[in-house]
Structures are given as C-alpha cells and as structure tokens.
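# sequence and predicted model, in that order:
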Amino acid sequence: MARSAVVRQERYESIMAKASVLIADDDRLVLATLANGLREAGYTILEANDGKAALRLCEEQHPDIAILDIRMPGIDGIETARRLHEHTGTPFVMLSAYRDEELVEQATEHGAMGYLVKPVDVEQIGPAIETALRRASEIRKLQHNESRLVHSLKMDQVTSTAVGVIMERHHLSREDAFEKLRRHARSQRCRLTEIAEDILKAVETANIN
C-alpha cells in the first residue's frame, strides 16, 4: 500500500474535527473565509489557489480530504479531482457557485464524496467533511475486502490447477493429489499456494523449453 494511503487509513480510524483539509479555490475571499472558519473549528488547513498547487500539496502533505472549487484557472476542479482519484486517492468534495447537473455528474464519476454550492459556511461544511471522510473510509474497507476476495479466489484456482497437474503425472485421485501437495508443502515448511505456484511455473518453463 502506498505511503499516502497508509497515512490516510490511520487517520480514518478516528474521524475527528482535527482532520487535515485542503481547500482549493481561486477566489481569495472564499478561500480565506473557509480556511479561517475551519481552523477555528479545529481542522488543520492547507490552502491552494489553483489545481496545480492542490495536486502538489496532496502529493506532499497527504491531507485527509480536499475541497475543490470546480471553476479554477489552469487545471480546473474536475480535472484536479480526476488526477487526485487516479494518483493519490485523496477523497474530495466539490465546491461550486452553480447547481450544474452536468458538473455534478462529472464530479460523481471521478469519485466525489459530496457537492457543495456557494455560499457555504463552516456550520454547513463541517458535517459535509465528516460525512465524506466516513464514506471514504467505508469505500476503502470495501475495496480492501474485495481485493482479499479476488486474491483468495485466484489462489484457490492456482491450487486446484496444481492438483490437476499432480493427478495427471502420478495417476492419482483428486483427494490423493491434494494430500500429496499438502504433505510436500508441510515438509518444505511453505504455504500450500507457494508450492502450487512453483508447480505451475515449472510446467510453464517445461512447455517453453
């Protein structure tokens, strides 16, 4: 797991008001108002006035969450969100002066945890941040469980294929072939899947030769 992901996962264990929040908005007044208000509420704040700065801060500081204004010069909020989703995994909430359904759809496609319409105040944005952090934590757990399941199914398939190889070469039943594989793994003090993978690699090498 990437360092940034590890850092965020540790923070997710206890979602508190002191979460690290990146705010990106080219409107200095909006940026200052939100940043000062959230600092007073106990959040640690990082500030960026464009998408490029937001991406750099996310890569360097690993904030728990980002609040991104959609309409920024250069790299806009949607593109910034896309890059965050693909490269850092930082969860984000979109901020806009407009209720634009197309923009909402784009933001959602890139993994937005929420969508806020200006003007917003700290009382409104605080709960949105905590809700987004909880959603991000739940999604990460689901992704982790899915990854474990996929890996487990793959290992089961590897083992089953290796058993088939042993059956064919030693003219054994599936039960006897599995037991032979298990005994060999035990004698080598290796996991069953490791021995199974070695068998399949040997078969592939033999086929190539």
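Arrived safely, thanks for sending. These numbers come from a predicted model, not from an experiment. Numbering: from 1, shown residues only.
# CA atoms only for stretch 186-198, dumped as CSV, please.
What follows is stretch 186-198, C-alpha atoms only, in CSV (Å, rounded to 0.1, in the frame of the first residue of the first chain):
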residue,chain,number,x,y,z
ARG,A,186,4.4,-29.2,5.1
SER,A,187,7.8,-30.9,4.6
GLN,A,188,9.1,-27.7,2.9
ARG,A,189,7.5,-25.6,5.6
CYS,A,190,5.8,-23.5,2.9
ARG,A,191,2.3,-22.4,2.3
LEU,A,192,0.3,-24.6,0.0
THR,A,193,-0.2,-21.8,-2.5
GLU,A,194,3.5,-21.3,-2.8
ILE,A,195,4.2,-24.9,-3.7
ALA,A,196,1.2,-24.8,-6.1
GLU,A,197,2.7,-21.7,-7.8
ASP,A,198,6.1,-23.4,-8.1
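# distance from it to the middle of the chain?
31 Å (C-alpha atoms, centre = their mean, to the nearest Å).
# so which bits of that stretch are buried?
Within stretch 186-198, the residues scored as buried using 16 or more other C-beta atoms under 10 Å are Leu192, Thr193, Ile195, Ala196, Glu197. In this view, the C-beta of every residue, glycine as well, is placed from N, C-alpha and C.
# which one among those gets closest to Pro119?
Thr193 (56.6 Å; C-beta to C-beta).
# quick check: the gap between the spatially most central residue of the chain and Asp64.
Nearest to the mean C-alpha position of the chain, by C-alpha atoms, centre = their mean, lies Gly89 at 4.8 Å. Relative to Asp64, Gly89 is positioned 11 Å away (C-beta to C-beta, to the nearest Å).
# equivalent analysis for Lys180, please.
Distance from Lys180 to Asp64, by C-beta to C-beta: 51 Å.
# all set now, cheers.
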